[in-house]
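[1] After the sequence you'll find the predicted model.
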Amino acid sequence: MRTTGSSIIIAAILSTVARATEFQVTVGGPGVLRFNPEYVNATSGDTVVFSFRQENHTVTQSSLDSPCQIADGGFDSNFVPVAANNTDGPFPAAQYTVTDGSPVWIFCRQANHCQQGMVFAINPGDNFTMFKANLFGNSTANSSMPATISSTSTATASTTDPVSSSTLVSSSIVTTAPGSASAHIVVVGADGKLAYEPSNITAAVGDVVTFLFMHANHTATQSSFSDPCKSLTKTSTSGQVGFDSGFMPVANGTSNYPTFTVEVNNTDPVWVYCKQTNPQDHCAAGMVFSMNAVACGLEDYSAFVDAAKQSNATSGTSHSGGSRSTTSNRNAGVAFTLFALMIGLAL
(Lines give C-alpha, C1' and ligand atoms only; values in the text may rest on other atoms or scores of the structure.)
Protein backbone atom coordinates (compact mmCIF):
# COMPACT_ATOMS: atom_id res chain seq x y z
CA MET A 1 0.00 0.00 0.00
CA ARG A 2 2.76 2.44 0.92
CA THR A 3 4.68 1.59 -2.23
CA THR A 4 1.59 2.11 -4.36
CA GLY A 5 0.85 5.41 -2.62
CA SER A 6 4.41 6.62 -3.15
CA SER A 7 4.19 5.68 -6.81
CA ILE A 8 1.02 7.73 -7.16
CA ILE A 9 2.65 10.74 -5.47
CA ILE A 10 5.75 10.49 -7.65
CA ALA A 11 3.58 10.18 -10.77
CA ALA A 12 1.63 13.27 -9.72
CA ILE A 13 4.84 15.26 -9.19
CA LEU A 14 6.22 14.17 -12.55
CA SER A 15 2.92 15.10 -14.20
CA THR A 16 3.04 18.57 -12.63
CA VAL A 17 6.62 19.10 -13.76
CA ALA A 18 5.74 17.98 -17.28
CA ARG A 19 2.97 20.60 -17.46
CA ALA A 20 5.19 23.49 -16.35
CA THR A 21 5.85 26.06 -19.06
CA GLU A 22 9.02 28.06 -19.66
CA PHE A 23 8.41 31.52 -21.10
CA GLN A 24 11.25 33.23 -22.96
CA VAL A 25 11.32 37.03 -22.63
CA THR A 26 13.88 39.20 -24.44
CA VAL A 27 15.07 42.26 -22.52
CA GLY A 28 16.22 45.18 -24.68
CA GLY A 29 18.23 44.89 -27.87
CA PRO A 30 19.83 47.28 -30.39
CA GLY A 31 17.84 50.49 -30.06
CA VAL A 32 14.96 48.65 -28.38
CA LEU A 33 13.70 49.67 -24.94
CA ARG A 34 11.16 46.96 -24.26
CA PHE A 35 10.44 43.48 -23.00
CA ASN A 36 9.32 41.08 -25.73
CA PRO A 37 6.67 39.87 -25.20
CA GLU A 38 5.38 42.56 -22.85
CA TYR A 39 3.45 40.16 -20.64
CA VAL A 40 2.65 36.48 -20.15
CA ASN A 41 -0.10 34.53 -18.45
CA ALA A 42 1.45 31.81 -16.31
CA THR A 43 0.51 29.32 -13.61
CA SER A 44 2.26 28.14 -10.48
CA GLY A 45 5.44 26.25 -11.31
CA ASP A 46 5.98 27.96 -14.65
CA THR A 47 9.23 29.84 -15.19
CA VAL A 48 10.00 33.08 -16.99
CA VAL A 49 13.50 33.33 -18.41
CA PHE A 50 14.65 36.90 -19.08
CA SER A 51 17.35 36.99 -21.75
CA PHE A 52 19.30 40.26 -21.67
CA ARG A 53 20.37 41.87 -24.94
CA GLN A 54 22.46 44.91 -25.84
CA GLU A 55 22.73 47.92 -23.53
CA ASN A 56 22.40 47.62 -19.74
CA HIS A 57 19.02 46.69 -18.30
CA THR A 58 17.41 45.29 -15.17
CA VAL A 59 14.42 43.12 -14.32
CA THR A 60 12.96 44.82 -11.26
CA GLN A 61 9.66 44.29 -9.49
CA SER A 62 7.32 47.27 -9.14
CA SER A 63 3.55 47.69 -8.64
CA LEU A 64 0.46 48.51 -10.67
CA ASP A 65 0.14 52.00 -9.22
CA SER A 66 3.86 52.86 -9.38
CA PRO A 67 5.29 51.11 -12.45
CA CYS A 68 8.71 52.78 -12.24
CA GLN A 69 9.45 52.35 -8.53
CA ILE A 70 10.95 49.30 -6.84
CA ALA A 71 8.31 47.53 -4.77
CA ASP A 72 9.01 46.98 -1.09
CA GLY A 73 10.63 43.57 -0.82
CA GLY A 74 10.52 43.16 -4.58
CA PHE A 75 13.12 41.25 -6.56
CA ASP A 76 15.79 42.93 -8.67
CA SER A 77 18.23 41.38 -11.14
CA ASN A 78 20.56 44.40 -10.79
CA PHE A 79 22.14 45.81 -13.95
CA VAL A 80 23.13 43.28 -16.59
CA PRO A 81 25.36 44.92 -19.25
CA VAL A 82 25.60 43.37 -22.71
CA ALA A 83 28.16 44.76 -25.17
CA ALA A 84 26.83 46.35 -28.35
CA ASN A 85 29.02 44.08 -30.49
CA ASN A 86 27.61 40.95 -28.88
CA THR A 87 25.05 40.09 -31.52
CA ASP A 88 25.26 36.30 -31.45
CA GLY A 89 25.43 35.55 -27.72
CA PRO A 90 25.69 33.84 -25.42
CA PHE A 91 23.43 36.24 -23.52
CA PRO A 92 23.08 36.46 -19.73
CA ALA A 93 19.72 35.47 -18.30
CA ALA A 94 17.67 35.70 -15.12
CA GLN A 95 14.95 33.24 -14.19
CA TYR A 96 11.76 33.83 -12.22
CA THR A 97 9.56 30.99 -10.96
CA VAL A 98 5.85 31.70 -10.74
CA THR A 99 4.39 30.73 -7.37
CA ASP A 100 0.72 31.62 -7.91
CA GLY A 101 -1.65 33.40 -10.27
CA SER A 102 -1.20 36.86 -8.75
CA PRO A 103 -0.06 39.73 -11.01
CA VAL A 104 3.66 40.54 -11.00
CA TRP A 105 4.69 43.95 -12.30
CA ILE A 106 8.22 44.50 -13.65
CA PHE A 107 10.26 47.38 -15.09
CA CYS A 108 13.80 48.28 -16.17
CA ARG A 109 15.30 50.77 -13.72
CA GLN A 110 17.99 52.04 -16.10
CA ALA A 111 17.80 55.86 -16.53
CA ASN A 112 14.35 56.65 -17.96
CA HIS A 113 13.76 53.30 -19.67
CA CYS A 114 10.63 52.65 -17.64
CA GLN A 115 9.15 56.03 -18.51
CA GLN A 116 9.69 55.13 -22.16
CA GLY A 117 7.53 52.05 -21.73
CA MET A 118 10.05 49.36 -20.77
CA VAL A 119 7.75 47.39 -18.49
CA PHE A 120 6.54 43.81 -18.26
CA ALA A 121 3.93 41.83 -16.36
CA ILE A 122 3.04 38.30 -15.39
CA ASN A 123 -0.71 37.61 -15.13
CA PRO A 124 -1.79 41.24 -15.60
CA GLY A 125 -5.43 40.32 -16.11
CA ASP A 126 -7.30 43.32 -17.48
CA ASN A 127 -4.83 45.87 -16.16
CA PHE A 128 -1.87 45.91 -18.53
CA THR A 129 -2.87 49.03 -20.42
CA MET A 130 -3.66 50.70 -17.11
CA PHE A 131 -0.18 49.70 -15.93
CA LYS A 132 1.32 51.52 -18.89
CA ALA A 133 -1.04 54.46 -18.47
CA ASN A 134 0.18 54.81 -14.88
CA LEU A 135 3.57 55.73 -16.32
CA PHE A 136 2.12 59.25 -16.48
CA GLY A 137 2.53 59.38 -12.74
CA ASN A 138 6.28 58.84 -13.10
CA SER A 139 7.12 61.23 -15.96
CA THR A 140 5.93 62.27 -19.39
CA ALA A 141 4.84 59.02 -20.94
CA ASN A 142 6.68 57.63 -23.89
CA SER A 143 5.73 54.03 -24.34
CA SER A 144 6.58 51.19 -26.70
CA MET A 145 3.07 50.25 -27.65
CA PRO A 146 2.28 47.78 -30.44
CA ALA A 147 2.31 49.53 -33.82
CA THR A 148 2.36 48.81 -37.50
CA ILE A 149 4.99 50.79 -39.37
CA SER A 150 4.25 52.06 -42.87
CA SER A 151 6.72 53.76 -45.18
CA THR A 152 4.00 55.51 -47.17
CA SER A 153 1.54 58.26 -46.39
CA THR A 154 -1.44 56.08 -47.21
CA ALA A 155 -3.10 53.85 -44.65
CA THR A 156 -6.47 52.38 -43.85
CA ALA A 157 -8.15 52.61 -40.48
CA SER A 158 -10.22 49.80 -39.08
CA THR A 159 -12.44 49.90 -36.04
CA THR A 160 -13.01 47.00 -33.71
CA ASP A 161 -14.23 46.50 -30.18
CA PRO A 162 -11.83 45.89 -27.29
CA VAL A 163 -10.49 42.36 -27.47
CA SER A 164 -9.18 39.93 -24.94
CA SER A 165 -5.73 40.33 -23.43
CA SER A 166 -4.69 36.98 -24.90
CA THR A 167 -4.94 38.55 -28.35
CA LEU A 168 -2.64 41.38 -27.28
CA VAL A 169 0.18 38.94 -26.61
CA SER A 170 0.19 37.85 -30.22
CA SER A 171 -0.17 41.42 -31.49
CA SER A 172 2.71 42.59 -29.33
CA ILE A 173 5.04 40.05 -30.86
CA VAL A 174 3.99 40.39 -34.47
CA THR A 175 3.48 44.13 -34.90
CA THR A 176 5.95 45.83 -32.61
CA ALA A 177 7.68 48.84 -34.13
CA PRO A 178 11.35 48.04 -34.80
CA GLY A 179 14.34 50.22 -34.16
CA SER A 180 14.51 53.22 -31.90
CA ALA A 181 11.16 54.84 -32.72
CA SER A 182 9.20 55.98 -29.69
CA ALA A 183 5.52 55.40 -29.02
CA HIS A 184 3.74 58.15 -27.12
CA ILE A 185 0.61 57.49 -25.05
CA VAL A 186 -2.06 60.21 -24.96
CA VAL A 187 -4.82 59.59 -22.41
CA VAL A 188 -8.22 60.87 -23.51
CA GLY A 189 -10.82 61.92 -20.95
CA ALA A 190 -9.14 60.58 -17.81
CA ASP A 191 -11.13 61.14 -14.60
CA GLY A 192 -13.95 62.76 -16.56
CA LYS A 193 -11.80 65.66 -17.76
CA LEU A 194 -12.32 67.16 -21.21
CA ALA A 195 -8.64 66.88 -22.03
CA TYR A 196 -5.90 64.99 -23.81
CA GLU A 197 -2.97 64.22 -21.50
CA PRO A 198 -0.38 65.26 -22.47
CA SER A 199 -2.03 67.85 -24.69
CA ASN A 200 1.02 68.87 -26.71
CA ILE A 201 3.91 66.61 -27.74
CA THR A 202 6.93 66.53 -30.01
CA ALA A 203 7.31 63.39 -32.13
CA ALA A 204 9.84 62.26 -34.71
CA VAL A 205 9.31 60.51 -38.02
CA GLY A 206 8.59 56.84 -37.33
CA ASP A 207 7.17 57.47 -33.85
CA VAL A 208 3.69 56.25 -33.03
CA VAL A 209 1.11 58.10 -30.97
CA THR A 210 -1.54 56.04 -29.21
CA PHE A 211 -4.72 57.72 -27.99
CA LEU A 212 -6.00 55.80 -24.97
CA PHE A 213 -9.73 56.43 -24.34
CA MET A 214 -10.60 56.13 -20.66
CA HIS A 215 -13.89 57.89 -19.97
CA ALA A 216 -17.20 58.87 -21.58
CA ASN A 217 -17.36 59.08 -25.40
CA HIS A 218 -14.66 61.04 -27.19
CA THR A 219 -12.86 61.15 -30.53
CA ALA A 220 -9.39 61.98 -31.81
CA THR A 221 -10.16 63.85 -35.02
CA GLN A 222 -7.61 65.71 -37.11
CA SER A 223 -8.39 69.34 -37.82
CA SER A 224 -6.34 72.41 -38.76
CA PHE A 225 -5.08 75.46 -36.94
CA SER A 226 -7.44 77.73 -38.87
CA ASP A 227 -10.49 75.53 -38.17
CA PRO A 228 -9.78 73.84 -34.81
CA CYS A 229 -13.24 72.31 -34.38
CA LYS A 230 -13.84 71.04 -37.90
CA SER A 231 -12.53 67.90 -39.56
CA LEU A 232 -9.52 68.48 -41.81
CA THR A 233 -11.20 66.27 -44.41
CA LYS A 234 -14.02 68.80 -44.73
CA THR A 235 -11.96 71.99 -44.60
CA SER A 236 -8.84 71.14 -46.61
CA THR A 237 -8.51 72.98 -49.91
CA SER A 238 -5.82 70.61 -51.15
CA GLY A 239 -7.60 67.28 -50.76
CA GLN A 240 -6.06 66.23 -47.45
CA VAL A 241 -7.93 63.47 -45.62
CA GLY A 242 -7.50 63.78 -41.88
CA PHE A 243 -7.59 60.83 -39.51
CA ASP A 244 -10.58 60.24 -37.27
CA SER A 245 -10.86 57.62 -34.53
CA GLY A 246 -14.64 57.79 -34.57
CA PHE A 247 -16.51 57.87 -31.28
CA MET A 248 -15.02 55.70 -28.57
CA PRO A 249 -17.66 55.07 -25.88
CA VAL A 250 -16.24 53.82 -22.57
CA ALA A 251 -18.68 52.60 -19.93
CA ASN A 252 -18.24 53.53 -16.28
CA GLY A 253 -16.40 50.86 -14.31
CA THR A 254 -15.06 49.12 -17.39
CA SER A 255 -11.51 47.83 -17.76
CA ASN A 256 -11.74 47.75 -21.56
CA TYR A 257 -10.12 50.86 -22.98
CA PRO A 258 -10.03 51.24 -26.77
CA THR A 259 -7.00 52.83 -28.41
CA PHE A 260 -6.33 54.62 -31.68
CA THR A 261 -2.77 54.67 -32.99
CA VAL A 262 -1.21 57.14 -35.40
CA GLU A 263 2.21 56.84 -37.05
CA VAL A 264 4.22 59.99 -37.72
CA ASN A 265 5.65 60.26 -41.24
CA ASN A 266 6.70 63.91 -41.21
CA THR A 267 7.21 66.61 -38.59
CA ASP A 268 4.58 69.08 -39.77
CA PRO A 269 2.25 70.29 -37.00
CA VAL A 270 -0.77 68.07 -36.44
CA TRP A 271 -3.93 69.46 -34.82
CA VAL A 272 -6.56 67.27 -33.15
CA TYR A 273 -9.92 67.87 -31.47
CA CYS A 274 -12.80 65.93 -29.91
CA LYS A 275 -15.94 66.25 -32.02
CA GLN A 276 -18.35 65.28 -29.24
CA THR A 277 -21.10 67.91 -28.79
CA ASN A 278 -23.39 66.26 -26.23
CA PRO A 279 -24.08 67.60 -23.64
CA GLN A 280 -21.58 70.30 -24.61
CA ASP A 281 -19.17 71.05 -27.40
CA HIS A 282 -15.91 69.46 -26.20
CA CYS A 283 -13.73 71.29 -28.71
CA ALA A 284 -15.18 74.68 -27.80
CA ALA A 285 -14.45 73.73 -24.17
CA GLY A 286 -10.76 73.40 -25.08
CA MET A 287 -10.50 69.65 -25.66
CA VAL A 288 -7.77 69.81 -28.31
CA PHE A 289 -4.32 68.31 -28.88
CA SER A 290 -1.29 69.23 -30.94
CA MET A 291 1.81 67.45 -32.17
CA ASN A 292 4.95 69.23 -33.32
CA ALA A 293 3.48 72.69 -32.84
CA VAL A 294 5.97 75.55 -32.56
CA ALA A 295 7.13 76.13 -28.99
CA CYS A 296 6.14 79.77 -29.01
CA GLY A 297 4.46 81.96 -31.59
CA LEU A 298 1.25 82.84 -33.35
CA GLU A 299 0.50 79.17 -34.04
CA ASP A 300 1.62 77.48 -30.85
CA TYR A 301 -0.52 75.15 -28.74
CA SER A 302 -1.94 77.88 -26.49
CA ALA A 303 -3.06 79.85 -29.55
CA PHE A 304 -4.75 76.70 -30.87
CA VAL A 305 -6.63 76.29 -27.58
CA ASP A 306 -7.76 79.91 -27.70
CA ALA A 307 -8.95 79.51 -31.28
CA ALA A 308 -10.93 76.40 -30.33
CA LYS A 309 -12.59 78.12 -27.40
CA GLN A 310 -13.58 81.05 -29.60
CA SER A 311 -15.12 78.76 -32.17
CA ASN A 312 -18.86 78.19 -32.03
CA ALA A 313 -18.86 76.07 -35.17
CA THR A 314 -19.90 72.44 -34.91
CA SER A 315 -19.10 69.82 -37.47
CA GLY A 316 -21.98 68.50 -39.48
CA THR A 317 -20.64 65.01 -38.91
CA SER A 318 -20.55 65.29 -35.13
CA HIS A 319 -22.78 62.91 -33.24
CA SER A 320 -23.22 62.01 -29.62
CA GLY A 321 -23.78 58.33 -30.11
CA GLY A 322 -21.40 55.41 -30.08
CA SER A 323 -21.00 55.13 -33.82
CA ARG A 324 -17.55 54.50 -35.26
CA SER A 325 -16.08 55.63 -38.56
CA THR A 326 -13.27 54.49 -40.82
CA THR A 327 -11.21 56.79 -43.01
CA SER A 328 -8.02 56.82 -45.02
CA ASN A 329 -5.22 59.33 -44.75
CA ARG A 330 -3.64 60.10 -48.10
CA ASN A 331 -1.37 63.00 -47.16
CA ALA A 332 -2.17 64.42 -43.73
CA GLY A 333 1.22 64.13 -42.05
CA VAL A 334 0.54 60.76 -40.43
CA ALA A 335 -0.23 57.23 -41.43
CA PHE A 336 -2.49 55.51 -38.98
CA THR A 337 -3.70 52.11 -37.85
CA LEU A 338 -6.45 51.55 -35.32
CA PHE A 339 -6.07 49.04 -32.53
CA ALA A 340 -8.97 48.41 -30.10
CA LEU A 341 -7.39 46.52 -27.22
CA MET A 342 -8.50 45.50 -23.78
CA ILE A 343 -6.49 47.39 -21.13
CA GLY A 344 -4.58 44.84 -19.17
CA LEU A 345 -1.40 44.58 -17.30
CA ALA A 346 1.86 43.52 -17.68
CA LEU A 347 4.38 44.14 -21.75
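    Arrived safely, thanks for sending.

[2] Residue 64 contacts residue 129, correct?
    No. The pair formed by residue 64 and residue 129 falls short of the contact definition of CB atoms under 8 Å, at 11.4 Å. For glycine as for every other residue, the C-beta is placed from the backbone atoms N, C-alpha and C.

[3] Helices of the stretch 201-347 of the chain, start to end?
    Counting by DSSP state H, counting those that start in this stretch, one finds helices in the stretch 201-347 of the chain at the ranges 232-235, 301-310.

[4] Tell me which of residue 64 and residue 129 has more neighbours.
    It is residue 129, of residue 64 and residue 129, that has more neighbours when counted by other CB atoms under 10 Å, with 30 against 18.

[5] So residue 203 sits against residue 185, correct?
    No. Using CB under 8 Å, residue 203 is not in contact with residue 185; the gap is 11.8 Å.

[6] Pick out whichever of the two has more residues nearby.
    Neighbour comparison, residue 203 and residue 185: the larger count goes to residue 185, with 26 against 21 (by other CB under 10 Å).

[7] so that one touches residue 130, yeah?
    No. Between residue 185 and residue 130 there is no contact under CB under 8 Å: 11.3 Å.

[8] Domain map for the protein?
    In terms of domains, the chain is parsed into 2-123, 155-337 (source: automatic domain parsing).

[9] Which among the ones you listed is found nearest to residue 134?
    When the domains of the chain are ranked by proximity to residue 134, the top entry is domain 2-123, at 5.3 Å, counting by CB to CB.

[10] circling back: tabulate the domains of the chain (TSV), appending mean pLDDT and distance to residue 134.
    Below are the domains of the chain laid out as TSV (pLDDT from 0 to 100; distance: least, CB to CB, whole Å):
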stretch	mean pLDDT	distance to residue 134
domain 2-123	86	5
domain 155-337	74	10
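
[11] Looking at those, which one is packed in the most?
    domain 155-337 (a mean of 19; mean count of other CB atoms under 10 Å).

[12] May I see the domains of the chain arranged in CSV, with distance to residue 135 as well?
    Listed next are the domains of the chain as CSV, based on distance: least, CB to CB, whole Å:
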stretch, distance to residue 135
domain 2-123, 6
domain 155-337, 7
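
[13] so where do the helices sit in the stretch 1-150 of the chain?
    With DSSP H, counting those that start in this stretch as the criterion, the stretch 1-150 of the chain has helices at 2-19, 128-133.

[14] now the helices of the stretch 201-347 of the chain as a markdown table including distance to residue 68?
    Listed next are the helices of the stretch 201-347 of the chain as a markdown table, based on distance: least, CB to CB, whole Å:
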| stretch | distance to residue 68 |
| --- | --- |
| helix 232-235 | 36 |
| helix 301-310 | 26 |
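
[15] out of these, which comes closest to residue 87?
    For those, the distance to residue 87 is smallest for helix 301-310, at 42.2 Å, taking CB to CB.

[16] Please name every helix or strand in contact with that closest one.
    strand 288-291 (3 or more CB pairs under 8 Å, 6 or more residues apart in numbering; DSSP states H and E).

[17] Neighbouring strands - and their directions - for the strand it packs on?
    With DSSP bridges as the test, strand 288-291 is paired with strand 200-201 (parallel), strand 270-273 (antiparallel).

[18] Those into TSV, with extra columns for distance to residue 259?
    Compiled in TSV, the strands paired with strand 288-291 are given as follows (distance: least, CB to CB, whole Å):
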stretch	distance to residue 259
strand 200-201	16
strand 270-273	15
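
[19] Of all those, which one is nearest residue 104?
    Of all these, it is strand 200-201 that lies closest to residue 104, at 30.7 Å by CB to CB.

[20] List the residues that contact the nearest residue to residue 53 once chain neighbours are set aside.
    Among residues not flanking residue 53 along the chain, residue 29 sits closest, at 4.1 Å (CB to CB, 6 or more residues apart in numbering). Residues in contact with residue 29 (CB atoms under 8 Å, 6 or more residues apart in numbering) are 36, 53-55.

[21] for residue 212, same thing?
    Residue 212 neighbours (CB under 8 Å, 6+ apart): 129, 133, 185-188, 257, 259, 343.

[22] Would you format those residues as TSV with distance to residue 235 included?
    Converted to TSV, those look like this (distance: CB to CB, whole Å):
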residue	distance to residue 235
129	33
133	32
185	28
186	23
187	27
188	22
257	30
259	26
343	33
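
[23] and the residues you listed, which two are the farthest apart?
    Farthest-apart pair in the contacts of residue 212 is 186 and 343; separation 14.4 Å (CB to CB).

[24] Do a quick rundown of the strands in the stretch 101-250 of the chain.
    Ranges of strands within the stretch 101-250 of the chain are 104-107, 119-122, 155-156, 183-188, 196-197, 200-201, 208-213, 216-218, 221-223, 248-250, based on DSSP state E, counting those that start in this stretch.
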